[in-house]
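Participant: Sequence and predicted structure below; questions after.
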Amino acid sequence: MFTISIFNTLSRKLQAWLMAVLLLCLGSPAHALIPGWEGCNPAPAPGTPCAETVRTFNLTARDDFVSTSDGNSHYTWGYGRGTEYVMQYPGPTLVVNQGDTVSIILNNTLPVPVSIIFPGQEVTATGGNPGLLTREAPAVPLGQTGVVVGPTYTFVALQPGTYLYHSGTNPDLQVEMGLVGALIVRPTGFLNGTAASHPARKAYNQAGTHFDRETLFLLTEMDPAIHWQVYGQVSSGMPVAVDTTLIKPSMWFINGRNAPDTQLDDYVYWLPTQPYNALPRMHPGERLLMRMINAGRELHPFHHHGNHATPIARDGRVLSSNPANFALAPNLTSPDFTVRSVPGQTVDLIYEWTGKGLGWDIYGTVALNPHTCVPATSGPDAGFDTVTREWCADHDKPMPVILPGQMDISAGEHYGGSPYLGVTGSLPQGHPGLNTTGGYWHMFHSHNEKEVTTDDIFPGGMMTMLVIEPWSVDLGDVAAGPISPPSPIPPPALPGLSLIDNFDRADANTLGADWQQFTLDLGVFGGVQSGIRVNGNQAFCIDVGLPELFCAAGANAYWNGAGADHGAQQAAAITLSNTVADGTALYLKASGTFNVFGVYPNAIRVRYSAASGGQVVVESTTNGATFTQAATLTGSLAAGDTLTAMVDATGKVYVWKTTGAVTTSLGSALTTFTGTGRIGMSLPTGSRIDNFAGGNVP
């Protein structure tokens, strides 16, 4: 009953990679319950049930990227928690109690309308715009970014069970893109209990649905070509139009990850948009509740090794001939070894493993591993030791085969050196020793062979493991909900920029040869002059005379010295030297032909606006005259502050304000500028700045 892993067949290079990845899962904490969001405000302490009967969730549809086990990342849509966190794939698992009033507010940051439908619930939707299946959150206008507030969905969670939620707007595309999630409704009277006692830990009101631990298997698939087609349309400001009849998946996921990432811990920092793992761990004799959801468009035959599992409910309804009789266990069912996971369907199953009937002691002989077995004489534990869950009829019986020597076997990465539970032994030199606790590892995976690959790379796809741990291993009994979500993705660090010009030189009518700007030759009346000039060891936009006309609408100047054309990731900064004039701005990625009006046709402008108490506006232009707003960031600037803006290769702009030694991130905005270009500034009448800095950012 020990596992010789199929990974023996892998190449040495792939084995080494897999060893490094799977080593990370050994310290993973175990949870009695599925990690989820309970919608309690304020959130109770971990392990403490939510006492609120009105649960409020604020979800935001966003775009981002997910990592796949073949080393790639792919553009994806998903629901995020609140407006301050990144999207998740799948969306946050919502956990409520039977009878709770559930309210979900939907926000949108995507350039398409979105919505949420809740199969199995009677939902009332208000706000937003009318849609085909439900009310929708409007699209963000093309070329703009921001959060659009949409509808509120309200329902009473009348029936316990496992449910799916997903977009009801253009679902053939939006579900493929990742707008899916799970809803769990706990039955009336549900209590987490303790490790020693939890009789009220049930999936449904029926006694036969009691469980010790639970895990979620939310199954999805992906066609990366479709995702990148959508990315191209979104990033170029085009309408999203995709022929979904051409979808051909080449990637398969459990809880938003493909193997072996399914075995990593929840909320690992290097998978910020994929927070949920799929590695159940249990002791012999415990009842594992498997909540399975097929959120894709294809049927997935999901196969579990080690033992059969018994379905107890489908689509949130107990498989009972009389569901009103709570004492009647599910009786319209039979154990099976493969779940026929139908698209859109949810299935709840109970999985157990005891070793009963093997004919040998799973803990080894007493001579090898001294232990006792005291059988219970009555009740459901009759014949089992209630502590170790050993089947006492097999106590002290040796394994009925003689194991070959170390030189004659191939030991898989999960082999602990012994066939006995909790017993480890010597391993071949170089063996990674992944199974340090002597557990039994059983594979859970799709029975469709292509679905255990990630874009044709094996191992991958819809595959994970179950670990049967000896009772000597403390798996904990922490209620996984409410677990705090991961922190918001921090912005990049303030770039360390080189000082380009401190303007510490004699006053001049221009900024000098190292700057490109519009100039006017007044001949004997003043020679060559420009709007922005050197004055008092600062850059100053003149407020008298004819050149003042240049400043009225903001005069521009672009760095024209060494390395003027900066790379795809670049930044610029200025220090403000007087009462800050409305319209003082930085330019990034200025490109095209410098025209007679002193501007480049293509550029990103990061402009200070004194409106509404202080804002920094991120905008872009493709003709040098009209600007499209990407975002408005709150931030009041004062004399002495430094304004810094950075744009990365994707066109995302980050903005900081520095006052003295304190730097504040004002936020970010996405533009369509992915190339290179020059950095510069724009100053209105009377504006003074100092210390222009900038350059390429690694």
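Facilitator: That came through, no problem. Numbers count the residues shown, from 1 in each chain.

Participant: which residues of the protein score low on pLDDT?
Facilitator: 1-30, 42-43, 45-47, 477-491, 524-526, 546-548, 553, 562-563, 579, 612 (pLDDT under 70).

Participant: need the longest strand for it.
Facilitator: In the chain, assigned by DSSP state E, the strand with the most residues is strand 54-67.

Participant: Counting neighbours, what do you get for Thr664?
Facilitator: 13 (other CB atoms under 10 Å). (Glycine included, C-beta is placed from N, CA and C.)

Participant: Oops, could you answer that again for Phe57 instead?
Facilitator: If we define neighbours as other CB under 10 Å, then Phe57 has 21 of them.

Participant: likewise the one 3 residues further on?
Facilitator: As a burial measure, the neighbour count of Thr60 was computed by other CB under 10 Å and equals 27.

Participant: What of Val347?
Facilitator: 23.

Participant: Met399 now?
Facilitator: Met399 - counted by other CB under 10 Å - has 17 other residues nearby.

Participant: now it: how far from Pro419?
Facilitator: Distance of Met399 to Pro419, given as CB to CB, to the nearest Å: 6 Å.

Participant: Same question for Phe190.
Facilitator: From Phe190 to Pro419 the distance is 39 Å (CB to CB).

Participant: what about Val185, distance to Val54?
Facilitator: Between Val185 and Val54 the computed distance is 15 Å (CB to CB).

Participant: Name the residue in these two with the higher neighbour count.
Facilitator: Val185 (25 against 13).

Participant: In this structure that one contacts Gly99, no?
Facilitator: No: if you go by CB atoms under 8 Å, Val185 and Gly99 don't touch, sitting 9.2 Å apart.

Participant: intersection of neighbour lists for those two?
Facilitator: Applying CB atoms under 8 Å, 6 or more residues apart in numbering, one finds that Val185 and Gly99 are jointly contacted by Ala157.

Participant: residues in contact with Ala557?
Facilitator: Contacts of Ala557 by CB under 8 Å, 6+ apart are 511, 515-517, 530, 532, 539, 680-683.

Participant: Going by neighbour count, which of these comes out on top?
Facilitator: Ranked by neighbours (other CB under 10 Å), the contacts of Ala557 are led by Met681, which has 30 neighbours.

Participant: Just the element for it, please.
Facilitator: Using DSSP states H and E, Met681 maps to strand 678-683.

Participant: for the residue nearest the centre of the chain, what are its contacts?
Facilitator: Nearest residue to the geometric centre of the chain (CA atoms, centre = their mean): Thr273, 1.2 Å. Going by CB under 8 Å, 6+ apart, Thr273 touches 64-66, 76, 78, 86-89, 256.

Participant: Now with 10 Å, please.
Facilitator: 62-67, 73, 76, 78, 80, 85-89, 178, 256, 486, 489 (CB atoms under 10 Å, 6 or more residues apart in numbering).

Participant: nearest spatial neighbour of Asp648, skipping sequence neighbours?
Facilitator: Gln569 (4.9 Å; CB to CB, 6 or more residues apart in numbering).

Participant: measure the one you found to Tyr231 for me?
Facilitator: 19 Å.

Participant: And stretch 227-243, end to end?
Facilitator: Distance between the two ends of stretch 227-243: 12 Å, counting by CA to CA, to the nearest Å.

Participant: typed the wrong thing, it's stretch 77-90
Facilitator: So stretch 77-90: terminal residues 9 Å apart, CA to CA.

Participant: Can you give the distance from it to the centre of its chain?
Facilitator: Centre-to-centre, stretch 77-90 and its host chain are 7 Å apart (CA atoms, centre = their mean, to the nearest Å).

Participant: same thing with stretch 373-393?
Facilitator: With CA atoms, centre = their mean, you get 44 Å for stretch 373-393.

Participant: which parts of that stretch are buried?
Facilitator: For stretch 373-393, the neighbour count (16 or more other CB atoms under 10 Å) marks 373, 383-385, 388-392 as buried.

Participant: Out of those residues, the closest to Ile104 would be?
Facilitator: Arg389 (41.0 Å; CB to CB).

Participant: wait, what's in contact with the closest residue to the closest one other than its chain neighbours?
Facilitator: Spatial nearest neighbour of Arg389, excluding adjacent residues (CB to CB, 6+ apart): Gly285 at 3.0 Å. Each residue near Gly285 by CB under 10 Å, 6+ apart is listed here: 212, 352-356, 380-381, 384-391, 468, 471.

Participant: Keep only those of those that are in strands.
Facilitator: Short answer: these in strands (DSSP E) are 352, 468.

Participant: Sitting in helices, which of the contacts of Gly285 do you find?
Facilitator: Judged by DSSP state H, the subset of these located in helices is empty.

Participant: still on that earlier bit, could you confirm the residue nearest to the centre of the chain falls within a helix?
Facilitator: No: Thr273: not assigned to a helix; according to DSSP: H, G, I helix; E, B strand; the rest coil it is coil.
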